[in-house]
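Visitor: next comes the sequence, and after it the predicted model I'd like to discuss.
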Amino acid sequence: MSPLLNSYDMGGIPLANRVVMAPMTRCRAKSMVPDAQTVLYYRQRAGAGLIISEGSQISAEGTGYLYTPGIYTPEQIDGWKKVTKAVHDEGGKMFVQLWHVGRMSHVSLQKNGAAPVSSVAVAAQNSNCYAYGENGEPGPIQASEPRALETREVAGITSDFVTAGVEAMRAGFDGVEIHGANGYIFDQFANGALNTRVDQYGGSTMNRLRFTLETVDALAREVGNSRVGIRLSPFGRLYDMQPFDDEENTWLTLANELSKRDLAYVHLSDQTAFTGAGIGREFLGRFRDAYEGTLILTGALDQDAGEELVELGLTDLAGFGRPFVSNPDLVERFRNGWPLSPVDMPTLYTGGEKGYADYPAYSEQLESTSADSD
């Protein structure tokens with residue numbers, strides 16, 4: 001049997017298999033609230049050992065993309081309650097990804113047209129968020145120049161993460177994942193090329209990681225360390241994240257620090273397939289040595305690659321993104337050797353029902369084929 005199909009104890013949370021549905025922004029929440037289609041979408045994919053939700057912004061300030069479901073209003077919390085119940089009814093487990101985009105936002109998304117916030121007042125070059133253009137129409141648009149957070153304001157964002165985490169547990173999630181990857185706010189502090197601050201959140205390796213670790217610790221105190229995970233993207237280059245001299249040491253230092261905290265997991269996002277820069281097998285081994293807890297790896301994996309990494313002990317759980325978009329029964333396809341359906345790329349972010357919860361399971365495909373041949 002495939003090692004991906006083995007059960008796994010994730011710090012006291014039993015997972016039916018080692019297949020993780022990775023977080024994927026789908027831009028289907030028209031009112032920023034999970035709706036009936038959201039419920040159906042996640043219910044269909046509850047065969048995953050663990051589902052990690054799409055990024056869910058912790059505040060209006062943390063928003064960088066229209067039509068993404070937040071987790072800071074009563075309506076949003078109620079919407080997520082329906083999602084988690086559906087997943088649990090199917091025997092699944094689900095974490096929510098808590099998200100603050102930092103500078104990857106636009107003034108049209110901010111209260112009173114304010115500038116987005118970041119570690120420093122430097123815009124992400126050639127990087128689009130999804131906001132309102134000058135004509136008022138939604139679409140991809142260059143991220144606005146941010147303002148640098150004042151020292152005293154950093155703790156306020158940590159507080160927003162904690163509040164969102166507490167609400168997430170009230171909404172029925174099994175835990176929370178801090179989005180520390182992909183060029184968003186924690187990356188904007190960790191990156192030594194971007195972060196030129198001169199206070200306790202800039203300069204040395206530990207100073208640049210301080211915001212991340214303060215937020216991890218604050219969340220762990222409120223919801224329990226075994227209910228907190230974090231996603232990282234070492235050497236990631238999305239959204240104008242540039243290389244810096246202390247890069248490898250930064251991520252290995254963070255691995256060592258997180259290892260002390262007995263978290264639910266660390267989730268590595270390998271961007272090699274998307275940007276040409278990413279983790280690599282050699283660094284993955286070093287990170288694995290530095291971090292002793294449960295490790296998830298996501299990044300253009302197929303079944304064979306996921307199985308190999310688990311067998312080698314380089315990861316405990318394998319994350320799959322786009323394969324879950326078009327194969328809601330992905331685990332059963334792995335189990336039975338059934339072919340995978342391709343993703344309809346033009347409908348990934350359209351906001352409509354097409355290309356969202358309308359992908360059939362393999363059994364439904366067979367029934368449709370049989371009916372067509374009759």
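Guide: Cool, got the structure.
Visitor: give me phi/psi at residue 36?
Guide: The phi and psi torsions at residue 36 (degrees, to the nearest 10) take the values phi -60, psi -30.
Visitor: what about it, how many residues nearby?
Guide: Per other Cβ atoms under 10 Å, the neighbour tally for residue 36 reads 11. Placement of C-beta: from N, CA and C, glycine included.
Visitor: excluding chain neighbours, what is closest to it?
Guide: Beyond its immediate neighbours in the sequence, the residue positioned closest to residue 36 (Cβ to Cβ, 6 or more residues apart in numbering) is residue 82, lying 8.0 Å away.
Visitor: check the offset of the helix or strand harbouring the one you found from the chain's centre.
Guide: Secondary structure assigned from DSSP states H and E places residue 82 in helix 74-89. Here helix 74-89 is found 18 Å from its chain centre; the criterion is Cα atoms, centre = their mean, to the nearest Å.
Visitor: who does the next helix or strand after that helix touch, helix- and strand-wise?
Guide: Later in the chain than helix 74-89, the nearest helix or strand by DSSP H and E is strand 94-99. Packing contacts for strand 94-99, counted by 3 or more Cβ pairs under 8 Å, 6 or more residues apart in numbering; DSSP states H and E, involve strand 50-57, helix 74-89, helix 151-170, strand 175-179.
Visitor: circling back to that earlier point, so who does the residue nearest to residue 36 touch?
Guide: Residue 82 sits next to 34, 36, 39 when contact means Cβ atoms under 8 Å, 6 or more residues apart in numbering.
Visitor: I'd like those as a markdown table, with distance to residue 166 appended.
Guide: Formatted as a markdown table, the entries for these read as follows, by distance: Cβ to Cβ, whole Å:
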| residue | distance to residue 166 |
| --- | --- |
| 34 | 18 |
| 36 | 26 |
| 39 | 22 |
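Visitor: looking at the helices and strands packed on strand 94-99, which is nearest to residue 120?
Guide: Across the helices and strands packed on strand 94-99, residue 120 has its closest neighbour in helix 151-170 (12.6 Å, Cβ to Cβ).
Visitor: using CSV, write out every CA atom in that closest one.
Guide: Output of helix 151-170 as CSV, limited to C-alpha atoms (Å, rounded to 0.1, in the frame of the first residue of the first chain):
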residue,chain,number,x,y,z
THR,A,151,7.1,49.3,16.5
ARG,A,152,4.1,49.6,18.7
GLU,A,153,1.8,48.5,15.9
VAL,A,154,3.4,45.1,15.3
ALA,A,155,1.9,43.7,18.5
GLY,A,156,-1.5,44.7,17.2
ILE,A,157,-1.3,42.5,14.2
THR,A,158,-0.2,39.6,16.5
SER,A,159,-3.3,40.3,18.5
ASP,A,160,-5.4,40.1,15.4
PHE,A,161,-4.0,36.7,14.6
VAL,A,162,-4.8,35.5,18.1
THR,A,163,-8.4,36.8,17.9
ALA,A,164,-8.8,35.1,14.6
GLY,A,165,-7.3,31.9,15.9
VAL,A,166,-9.7,31.9,18.9
GLU,A,167,-12.7,32.5,16.6
ALA,A,168,-11.4,29.7,14.3
MET,A,169,-11.5,27.2,17.1
ARG,A,170,-15.0,28.5,18.0
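Visitor: pull the residues that contact that helix.
Guide: Helix 151-170 has contacts (Cβ under 8 Å, 6+ apart) with 56, 58-59, 61-62, 71-72, 77, 80, 96, 98, 100, 117, 149, 175-176, 178, 185, 199-201, 211, 214-215, 218-219, 222-223, 227-228.
Visitor: of the residues you listed, select the buried ones using a PyMOL command.
Guide: Entered in PyMOL, the line below selects the buried ones among the contacts of helix 151-170, by 16 or more other Cβ atoms under 10 Å:
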select buried, resi 56+58+59+61+62+71+72+77+80+96+98+100+117+149+175+176+178+185+201+211+214+215+218+219+222+223+227+228
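Visitor: in this protein, which spans are strands?
Guide: 8-10, 13-15, 19-21, 50-57, 94-99, 117-118, 128-132, 138-142, 147-148, 175-179, 228-232, 265-269, 295-298, 317-320 (DSSP state E).
Visitor: among those, which comes closest to residue 329?
Guide: Using Cβ to Cβ as the measure, strand 19-21 is the one of the strands of the chain that comes nearest residue 329, at 11.3 Å.
Visitor: touching that closest one from outside, list them.
Guide: Residues outside strand 19-21 that contact it (Cβ under 8 Å, 6+ apart) are 4-5, 45, 48-52, 267, 296, 298, 306, 317-321, 324, 330-331, 334.
Visitor: buried residues in that strand?
Guide: For strand 19-21, a neighbour-count test (16+ other Cβ under 10 Å) marks 19-21 as buried.
Visitor: parallel or antiparallel, which strands does it pair with?
Guide: Partner strands and pairing direction for strand 19-21 (DSSP bridges) are strand 50-57 (parallel), strand 317-320 (parallel).
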